[in-house]
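Colleague: Sequence isn't available, so here's the structure alone:
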């Protein structure tokens, strides 16, 4: 068991680790350029709602450096290293907010996409991700072989996206987004730092300066206070998140059982959770409700565990016409998408062969039929290739010269580089 859990196996020399940590703190030269590029990449990714681009920004961001440096500084009681780490973290945070705010001020597209919204409501799960991600990160930092964890830690303990989301909140005046994103950013910073402090103490890094019991106690008190300041709101937000998800599930269950299972077509549905009272809005394709029927349906909400909620059924003709139009457009878009996919698959295997036989017969009169298609060739290696193939019928097999003439003509006619020609067996 000792061998299984022993972190000293494969540990890098402590002096070298501390040297690497100190070098990663400063934002100057290449680090500054990487930081600036990461801010722009993250802002663009959030703006165009591209998960891949946001992940790229996480991977190239150097923000982990000063946070890990602060954790090491607390663990070895190095006041100078702590001041330098916090100063550089503050500078990088301000630069991130400034650059991302300028970007979102200048971009013409300012709608909050799902990548932005996902970083405005942190909860206890984000605390756990930051803490355990930070543990993995600092363990990797202290190894001789760094291995694969570092990119994963950069993605899991995302620092750049919430910082740029806060910049979006400032640029658009959405202070709730700014506050939520900055809280998530603070959670990530604090718990990566705390995870680093724990590993540094576990690996027994030597203190950089003399430490009395009073100073040691003061550091631990501050860590405890900051931890509680982060955890208590996170637990509350997690509770709110779970309550919201439960409410949406109950609403979905109510709509399914009371309306959809009874054959009613819903053309519009919207749930308002953050209003008082909460509100469920529905519109139906054909069914009409009286005021009494709406009140009867509203009274059924309690049986599904839905309280303090109004049921609003929209029945005005203009609204229904607009909702139906939107639904029809969505159906039409889905049909067009399926048709496009089918056409793409057909194009892979089918040629446009209008008048192909009549044109070929003018060149080679003895042809009785001609067909051309793309054949998929499978092999033992599970790979597949598609080749153009033509088959003809005639009284006698074509001569080599006629076959060559037909082959060259078909390549030009079908716009292919090669084509194989075969005589169809006699019936």
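Modeller: Yes, it's here. Predicted, not measured: the structure shown is a model, and the values here were computed from it. Numbers count the residues shown, from 1 in each chain.
Colleague: From here on, just use CA atoms for contacts and neighbour counts.
Modeller: Fine.
Colleague: so residue 40 touches residue 100, yeah?
Modeller: Yes - contact status for residue 40 versus residue 100: in contact at 6.9 Å, counting by Cα atoms under 8 Å.
Colleague: who has more neighbours, these two?
Modeller: Between residue 40 and residue 100, counted using other Cα atoms under 10 Å, residue 100 has the larger neighbour count: 28 against 18.
Colleague: for the more buried one, phi and psi?
Modeller: Backbone geometry at residue 100, expressed as degrees, to the nearest 10, gives phi -70, psi -40.
Colleague: again with residue 369
Modeller: phi -160, psi 160.
Colleague: gap between it and residue 423?
Modeller: 10 Å (Cα to Cα, to the nearest Å).
Colleague: same question, residue 8
Modeller: Distance of residue 8 to residue 423, given as Cα to Cα: 74 Å.
Colleague: Between those two, tell me which one has more neighbours.
Modeller: Shown here are residue 8 and residue 423; by other Cα under 10 Å, residue 423 has more neighbours (15 against 12).
Colleague: Helix or strand: which one has the residue lying closest to that one once chain neighbours are set aside?
Modeller: Spatial nearest neighbour of residue 423, chain neighbours left out: residue 392 (5.1 Å); criterion: Cα to Cα, 6 or more residues apart in numbering. Under DSSP states H and E, the secondary-structure element containing residue 392 is strand 384-394.
Colleague: Quick check: end-to-end length of stretch 165-184?
Modeller: 10 Å.
Colleague: How far does that stretch sit from its chain's centre?
Modeller: 19 Å (Cα atoms, centre = their mean, to the nearest Å).
Colleague: neighbouring contacts of it?
Modeller: Identification of contacts with stretch 165-184 by Cα atoms under 8 Å, 6 or more residues apart in numbering yields 43, 46, 96-102, 104-105, 110, 116-117, 119-122, 126, 162-163.
Colleague: I'd guessed residue 284 sits against residue 260; true?
Modeller: No - Residue 284 is beyond contact range of residue 260, at 10.2 Å (criterion: Cα under 8 Å).
Colleague: hey, what's in contact with both of those two?
Modeller: Joint contacts of residue 284 and residue 260 (Cα under 8 Å, 6+ apart) are residue 266.
Colleague: Show me which of the two is the more surrounded one.
Modeller: residue 284 (20 against 13).
Colleague: who does the strand or helix carrying residue 225 touch, helix- and strand-wise?
Modeller: Per DSSP H and E, residue 225 falls inside helix 213-258. Counting contacts by 3 or more Cα pairs under 8 Å, 6 or more residues apart in numbering; DSSP states H and E, helix 213-258 is packed against helix 124-141, helix 175-202.
Colleague: what is the mean pLDDT for it?
Modeller: The pLDDT scores in helix 213-258 average 83.
Colleague: One more: stretch 358-378?
Modeller: 82.
Colleague: same question, stretch 59-71
Modeller: In this model, stretch 59-71 carries a mean pLDDT of 85.
Colleague: Kindly report the same for stretch 299-313.
Modeller: 89.
Colleague: same thing with stretch 395-413?
Modeller: 86.
Colleague: Only the buried residues of that stretch, if you could.
Modeller: Using 16 or more other Cα atoms under 10 Å as the burial criterion, the residues of stretch 395-413 that qualify are 398, 403, 406-407, 410.
Colleague: between those, which is nearest residue 190?
Modeller: Within the buried residues of stretch 395-413, the smallest distance to residue 190 is 69.3 Å, found for residue 410 (Cα to Cα).
Colleague: Double-check that that closest one belongs to a helix.
Modeller: Yes - secondary structure of residue 410 (DSSP: H, G, I helix; E, B strand; the rest coil): part of a helix.
Colleague: Please give me every residue in contact with it.
Modeller: Here residue 410 is in contact with residue 419 (Cα under 8 Å, 6+ apart).
Colleague: mind checking how far it is from residue 422?
Modeller: From residue 410 to residue 422 the distance is 13 Å (Cα to Cα).
Colleague: and if you look at residue 293?
Modeller: Distance, residue 293 to residue 422, by Cα to Cα: 73 Å.
Colleague: Ok, residue 44 next?
Modeller: Distance, residue 44 to residue 422, by Cα to Cα: 55 Å.
Colleague: mind pulling up the phi and psi values for residue 119?
Modeller: Dihedral pair for residue 119: phi -120, psi 30, per degrees, to the nearest 10.
Colleague: typo on my end, it should be residue 423
Modeller: With angles defined as degrees, to the nearest 10, residue 423 sits at phi -90, psi 130.
Colleague: Give me the distance from stretch 268-281 to the chain's centre.
Modeller: 27 Å.
Colleague: For the spatially most central residue of the chain, which residues are in contact?
Modeller: Centroid-nearest residue in the chain, with Cα atoms, centre = their mean: residue 51, separated by 3.6 Å. Neighbouring residues of residue 51 by Cα under 8 Å, 6+ apart: 45, 115.
Colleague: From here on, call the first residue 798.
Modeller: Okay, using 798 as the starting number, the last item reads as residue 848.
Colleague: Quick check: phi and psi on it?
Modeller: Per degrees, to the nearest 10, the backbone of residue 848 is at phi -60, psi -40.
Colleague: picking that back up, in terms of mean pLDDT, which of the helices and strands packed on helix 1010-1055 ranks lowest?
Modeller: Among the helices and strands packed on helix 1010-1055, helix 921-938 scores lowest, at a mean of 85.
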